[in-house]
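Asker: Task: produce atomic coordinates for the following.
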Amino acid sequence: MPTIQSENIATPSPPLVIVRPLNKLLGTLPAEDYQRVLSRLTIVPLKFKQILHKQDEVIEHVFFPGGGACSLTKVMQNGQITEIATIGSEGIIGAGVFFGDSQSFGDTIVQVADGDGFRMTIEAFLAEMDRRGPFYNRVLRYSQALTIQVMQTTVCNGLHSAEQRCCRWLLMTRDRAGSDELALTHEFLAVMLGVRRPTVTLIVHALQQAGLIDTRRGMIQIVDRQRLEAASCECYATVKANFARLLPELPGPTG
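Answerer: Now for the predicted structure:
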């Protein structure tokens, strides 16, 4: 009886599964670019009040938040602090090194901790930017959107009431943190808005009485987003629209 030879049929390789990071900017990269960039990233924990960049110090890494929200703040000579911009999982921290500025203009602090982030050395970041590919394109467009946010915040701080600015800030932070519950103290919120703590206490109480938010110790919950947007100034919608225009790939609201 003849021996039946089994055919040596190669087992097909399983399809490559690309696990996208929580950072939305990285998550929009084409597969090949993402895999290359992924090899240059280090996962790092982002903890509440952790300082990622220190004012006037040399920037050694850029960061891609995976959740929560980070504040770019400026400390004045008299010790007063105010927020310049808010960055969450839609963006990158420290991209200014590409434009020749290796020194941090202000402090970058984790204001809402939610998961890990991704860190890249400056050398690796500049090498990726020099490729002039999708990564470069997204970082440049994000940098422009962030610049618009900074300019709009400057206008907002000069023209709008503390209550309007508080509503705008809560909405922007909610969009970046991806949660209606924000771990925030009145003291920290006062620093972010550049006002005195008693002012924040009065504003938060008024918003709670109106049913827009709810509060408990160390926590603010957005209850009625639609009415909170109505109570905010035009700056929230303006910044959100510009992010959508410049970065249409990003999922979810970015105000």
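
Asker: C-alpha only now, for contacts and for neighbours.
Answerer: Fine.

Asker: For Tyr136, which three-state class applies?
Answerer: Classification of Tyr136 into helix, strand or coil gives helix, according to DSSP: H, G, I helix; E, B strand; the rest coil.

Asker: tell me the phi and psi of Leu72?
Answerer: Comment: the main-chain dihedrals of Leu72 come out as phi -90, psi 120, following degrees, to the nearest 10.

Asker: and stretch 83-95, how far apart are its ends?
Answerer: Across its full length, stretch 83-95 reaches 18 Å between end residues, using C-alpha to C-alpha, to the nearest Å.

Asker: does Glu181 really touch Val223, like I thought?
Answerer: No - the pair Glu181 / Val223 is not scored as a contact, 9.2 Å apart, by C-alpha atoms under 8 Å.

Asker: Share the number of residues neighbouring Ser89, please.
Answerer: 26 (other C-alpha atoms under 10 Å).

Asker: from what I can see it touches Phe63, true?
Answerer: No - because the distance of 10.1 Å does not satisfy C-alpha under 8 Å, Ser89 is recorded as not touching Phe63.

Asker: what is the mean pLDDT for stretch 69-87?
Answerer: Stretch 69-87 shows a mean pLDDT of 89 in the predicted model.

Asker: What are the buried residues along it?
Answerer: Residues of stretch 69-87 classed as buried by neighbour count (16 or more other C-alpha atoms under 10 Å): 69-74, 81-87.

Asker: Tell me how far that stretch lies from the chain's centre.
Answerer: For stretch 69-87, the separation from the chain centroid amounts to 15 Å (computed by C-alpha atoms, centre = their mean, to the nearest Å).

Asker: Please apply the same query to stretch 207-217.
Answerer: Centroid separation for stretch 207-217 versus its chain: 25 Å, with C-alpha atoms, centre = their mean.

Asker: Endpoints of that stretch, how far apart?
Answerer: Calculated as C-alpha to C-alpha, the first-to-last residue distance of stretch 207-217 is 16 Å.

Asker: do the same with stretch 57-68
Answerer: End-to-end for stretch 57-68, by C-alpha to C-alpha: 24 Å.

Asker: what sits up against it?
Answerer: In this structure, residues lying in contact with stretch 57-68 by C-alpha atoms under 8 Å, 6 or more residues apart in numbering are 21-24, 46, 53, 87-95, 97, 102-104, 110-122, 125, 176-178.

Asker: can you give me the strands for the chain?
Answerer: In the chain, the strands defined using DSSP state E lie at 42-45, 51-53, 61-65, 69-75, 81-88, 107-112, 116-121, 181-182, 213-216, 219-222.

Asker: Distance to Arg165 added to those, as TSV?
Answerer: Output for those, formatted as TSV (distance: least, C-alpha to C-alpha, whole Å):
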stretch	distance to Arg165
strand 42-45	30
strand 51-53	24
strand 61-65	24
strand 69-75	15
strand 81-88	12
strand 107-112	17
strand 116-121	28
strand 181-182	17
strand 213-216	15
strand 219-222	15
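
Asker: Ok, which of the ones you listed comes nearest Gly158?
Answerer: With C-alpha to C-alpha as the criterion, Gly158 lies closest to strand 81-88 of these, at 13.0 Å.

Asker: What pairs with the closest one, parallel or antiparallel?
Answerer: strand 69-75 (antiparallel) (DSSP bridges).

Asker: Report the angle between the partner strand and strand 107-112.
Answerer: Relative orientation of strand 69-75 versus strand 107-112 (axes from the mean of the first three to the mean of the last three C-alpha atoms, to 10 degrees): 140 degrees.

Asker: CA atoms of strand 69-75 as PDB?
Answerer: In PDB, the C-alpha atoms belonging to strand 69-75 read as follows (Å, rounded to 0.1, in the frame of the first residue of the first chain):
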ATOM      1  CA  ALA A  69      -5.400  66.600  31.400                       C
ATOM      2  CA  CYS A  70      -2.200  68.600  31.800                       C
ATOM      3  CA  SER A  71      -1.900  72.400  32.300                       C
ATOM      4  CA  LEU A  72       0.800  74.600  30.800                       C
ATOM      5  CA  THR A  73       1.200  77.300  33.500                       C
ATOM      6  CA  LYS A  74       3.400  80.400  33.900                       C
ATOM      7  CA  VAL A  75       4.900  81.400  37.300                       C
END
